[in-house]
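S.K.: Based on what follows, work out the 3D shape:
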Amino acid sequence: MLTKLLGGGSKDKHVPHAKKENLVRIEKPIENLPDSIKTHKFKSLTKEQEHMYAEVLKYFQDEKLLVRNSEKHSDGSDPHAKSPLTLEEKAWLTRECLLRYLRATKWNVSDAIDRLKKSLAWRREFGISHLGEENGDKVNSDLVGIENESGKQVVLGYENDARPILYLKPGRQNTKTSHRQVQHLVFMLERVIDFMPQGQDSLALLIDFKEYSDVPKVSGNSKIPPIGVGKEVLHILQTHYPERLGKALLTNIPWLAWTFLKLIHPFIDPMTREKLVFDEPFPKYVPVNQLDVLYGGELDFKYKHNVYWPSLLEMAESKRRHYMKRFQKFGSVVGLSEYDLRGDGEELIYKV
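M.R.: Reported below is the predicted structural model:
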């Protein structure tokens, strides 16, 4: 990545389009993983890893555990205020969640526990700790809906390894820089996580910096975020969504965007850098029947906010209800597996 960052920008590339007869018109998200893409059970742990995982699990299974209600106390809350884990927070603390934080801390038990507690506090303060607006999340569709009216972020399709795809299109920016833009990104990250199939716990980002003439320019704004916003987003992704990014494909990167990437490069952790792919053909990583025609796929996707947005919300809520129903079915305990919670089997594959 560093070598690429030291280079220049890139112009829009010619992308070979699929044959017209193969195109599929679509205006809504793809609700489920196609049969042509397979997932697998999660990797087994070594005995040492099982022991470290058991330590973290035991800590968060403690019914007397209290967690801070905010990370930075920017809401003016009591910095010492704590409360027990809620039902939704226990559902968030899955086997895979604990393992993601262990991997991110290089299997340091105390560091993993500390980071998990900080993320729980951040989720409470940010307003997403209830796993959906139907359960009381403050960052909801009413708040961020205006941000997506131009279709600048879209959940659509699955890549080769069954990761759900979130398209980010800064060139369709329709609002002035504000904290709501960060709330919108987090909201969409939570939605693409809702779309994860059984056996997959990471996502793919497809980032296109192309300018779009149909989106009116916003006075005093740029499709490249200020460095402060970029650092905040990086902090959120790396600190509170560790191991969630499976692949990030970037295309149509202008000189200004390369400059921005150079500036934030020191803040990108090495594990994230390895997952960034620059200006390679998207069909190399995404089946054409899951990919937007703009990038060489067969999906003739047109964003219509009054069609796409309610469909996204309805599908995501349905998936969350399925997840929570199975969480309660299997005892509402910390450490249940996302493989079981996203599945439909009658027995647990990964017992707590």
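S.K.: how does the protein divide into domains?
M.R.: Following automatic domain parsing, one gets these domains for the chain: 2-39+138-310, 47-135+318-341.
S.K.: Quick one: residues contacting Leu143.
M.R.: By C-beta atoms under 8 Å, 6 or more residues apart in numbering, the residues touching Leu143 are Arg180, Gln183, Phe187. Glycine gets a C-beta too; all of them are placed from N, C-alpha and C.
S.K.: mind listing what's buried in the helix or strand where it lies?
M.R.: Per DSSP states H and E: Leu143 is located in helix 141-144. By neighbour count with 16 or more other C-beta atoms under 10 Å, helix 141-144 contains the buried residues Ser141, Leu143, Val144.
S.K.: again, but for stretch 321-330
M.R.: Residues of stretch 321-330 classed as buried: Tyr323, Met324, Arg326, Phe327, Phe330 (neighbour count, 16+ other C-beta under 10 Å).
S.K.: if I've got this straight, the fourth one is in a strand?
M.R.: No. When classified by DSSP: H, G, I helix; E, B strand; the rest coil, Phe327 is found to be helix rather than part of a strand.
S.K.: Just to check, it is in contact with Ala91?
M.R.: Yes. Using C-beta atoms under 8 Å, Phe327 is in contact with Ala91, at 4.5 Å.
S.K.: Which neighbours do the two have in common?
M.R.: Overlap of the contact sets of Phe327 and Ala91 (by C-beta under 8 Å, 6+ apart) consists of Leu336, Leu341.
S.K.: tell me the contacts of the spatially closest residue to Lys82 that is not a sequence neighbour?
M.R.: Leaving aside its sequence neighbours, Lys82 sits nearest to Leu66 (C-beta to C-beta, 6 or more residues apart in numbering; 3.8 Å). Counting by C-beta under 8 Å, 6+ apart, Leu66 makes contact with Lys82, Ser83, Pro84.
S.K.: now stretch 301-313: how far from the chain's centre is it?
M.R.: 19 Å (C-alpha atoms, centre = their mean, to the nearest Å).
S.K.: whoops, I mixed them up, stretch 181-198
M.R.: Mean-position distance between stretch 181-198 and its chain equals 5 Å (C-alpha atoms, centre = their mean).
S.K.: ok, now stretch 103-123?
M.R.: Centre-to-centre, stretch 103-123 and its host chain are 18 Å apart (C-alpha atoms, centre = their mean).
S.K.: How far does stretch 22-29 stretch from one end to the other?
M.R.: 19 Å (C-alpha to C-alpha, to the nearest Å).
S.K.: quick one: average confidence on the helix or strand Ala121 falls within?
M.R.: Assigned by DSSP H and E, Ala121 falls within helix 109-126. Averaged across helix 109-126, pLDDT comes to 97.
S.K.: Low-confidence regions, this structure specifically.
M.R.: Low-confidence segments of the chain (pLDDT under 70): 1-17, 73-77, 79, 219-228, 263-267.
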